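Asks: whatever this is, show me its structure:
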Amino acid sequence: EPVTVRTLISRRELEITDQWQSLEAIAALDKIEGVDIAGYFPGTEFYYMMHTKKPPTDDIHFRKAMAWATDYKTIVEMLFPGSIQSRGPVPQTLPGADPRVFQYHRNLDKAILELKQSKYYAQLDKYIVTVHWCAEVPDEEKVALLFMSNMADIGIDVKVVKVPWMSMIEEMATMETSPNIVTIFDSAHYPEAGSLLESRYKSESAATWEQNEWLLDTKLDAMINDSIKTIDREKRFAEYVKIQRYITDLCPTLFLFDQVEKHAYH
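Replies: The predicted model follows:
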C-alpha cells in the first residue's frame, strides 16, 4: 500500500521503492527530506494485448480503428510522464528495435474509416470490448478510463475491469476465458529485440500472461525462429525489422509507451 511504503521510507526502514508506485505516490515521496526519484528506461513496454480470435477484436479493421482513436499523447504526457510513445512491439532502447516502423497517433477520421470497413460496424451496439487491467498497478486504471472515453468517441463501448494479477494469469490460460484486451508491462529477457519478439508473439507464449493476442501465426513463428538463429548481427537485426513491421501490420496490440521506471530512494 502507498501509505505503508511512504511510512517506511520516511522512517528510513525502506531504502528504495518498487516500480509500481502511482504518480501521486511518487510525488508525495519526492517531498520527503533525503528522498530522491530515479528514472530510467529499462527496455519495458506497456501493451494493450488484443484478443485476435474473439469478437469484435478478431477484426483487423476494428483493431486499427481503436489504434487510431487512442490518445497516446495524453498517456505519455499526463498519466505516465517521462515515458515515450512506443513505436511498434519493441522498446526503442533495445538493440534491434526498428526506429522507423509505423506508429499510430490519435486521428478520429482515420479511426472511423477503419471502423466502417469492419464487419461489426453496423452492429456496434451488440458488442462490448472488455479491458482487464492489473489491480496491483493503480495507474493502469487511468489509462483504461481514458481508453474507454477515447473509444466512446467512435461509438465503441468499453467495459473496464480491475483484476488481480493472479486472476489475469488464470484467465489468459484459455482462449475462451481471455478477455478482449489485457494490459501488460513486459520486458526483454536478454537485451535484444529478438527476446521480446519471441516471448510475446510466438505461438508457444499463447495461453501465458505474455500473450493475450492469440496470434497462433505459423509464418510469424518461422520468421522469429530464423531470426534468433542468425549469427551475423547485422543480418539478424534486419530480420528483426521485418518481424516488427509484420506484427505492426497485423495490429494485434496497442503499443502504448516505453516505460520510464521510477523509484524513490534514500
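
Asks: list the contacts of the spatially closest residue to Lys242 that is not a sequence neighbour.
Replies: Taking Cβ to Cβ, 6 or more residues apart in numbering, and ignoring the residues beside it in sequence, Lys242 has Met223 as its nearest neighbour in space, at 6.8 Å. For every residue, glycine as well, the C-beta is placed using N, CA and C. If a contact means Cβ atoms under 8 Å, 6 or more residues apart in numbering, then Met223 has 239, 242-243, 246 as its contacts.

Asks: need those residues in JSON lines (columns: pLDDT, secondary structure and neighbour count).
Replies: Formatted as JSON lines, the entries for the contacts of Met223 read as follows, by pLDDT from 0 to 100; DSSP: H, G, I helix; E, B strand; the rest coil; neighbours: other Cβ atoms under 10 Å:
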{"residue": "Glu239", "pLDDT": "99", "secondary structure": "helix", "neighbour count": "22"}
{"residue": "Lys242", "pLDDT": "99", "secondary structure": "helix", "neighbour count": "13"}
{"residue": "Ile243", "pLDDT": "99", "secondary structure": "helix", "neighbour count": "24"}
{"residue": "Tyr246", "pLDDT": "99", "secondary structure": "helix", "neighbour count": "18"}
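
Asks: among these, which pair sits farthest apart?
Replies: Glu239 and Tyr246 (10.5 Å; Cβ to Cβ).

Asks: can you give me the strands for the protein?
Replies: All strands of the chain, identified by DSSP state E, fall at 36-40, 44-50, 84-85, 128-134, 157-163, 181-187, 253-258, 261-265.

Asks: right, and those strands - which one's nearest Leu216?
Replies: Counting by Cβ to Cβ, Leu216 lies closest to strand 44-50 out of the strands of the chain; the figure is 13.7 Å.

Asks: okay, angle between that closest one and strand 128-134 too, please.
Replies: An angle of 150 degrees separates the directions of strand 44-50 and strand 128-134 when computed by axes from the mean of the first three to the mean of the last three Cα atoms, to 10 degrees.

Asks: tell me which other helices or strands strand 44-50 touches.
Replies: Where contact means 3 or more Cβ pairs under 8 Å, 6 or more residues apart in numbering; DSSP states H and E, strand 44-50 is packed against strand 181-187, strand 253-258.

Asks: now the shortest one against strand 44-50, angle please.
Replies: When the same axes, to 10 degrees is applied, the directions of strand 253-258 and strand 44-50 differ by 160 degrees.

Asks: residues making contact with strand 253-258?
Replies: Judged by Cβ under 8 Å, 6+ apart, the contacts made with strand 253-258 from elsewhere in the structure are 41, 44-50, 66-67, 70, 72, 75-76, 80, 83-89, 91-93, 103-104, 143, 181, 213, 247-248.

Asks: now, of those residues, which are buried?
Replies: Among these, those scoring as buried are 41, 44-50, 66-67, 70, 72, 75-76, 80, 83-89, 91-93, 104, 143, 181, 213, 247-248 (criterion: 16 or more other Cβ atoms under 10 Å).

Asks: and the residue nearest the centre of the chain, what's its pLDDT?
Replies: The centre of the chain sits closest to Tyr47, judged by Cα atoms, centre = their mean, with a distance of 0.8 Å. Among the per-residue scores, Tyr47 shows a pLDDT of 99.
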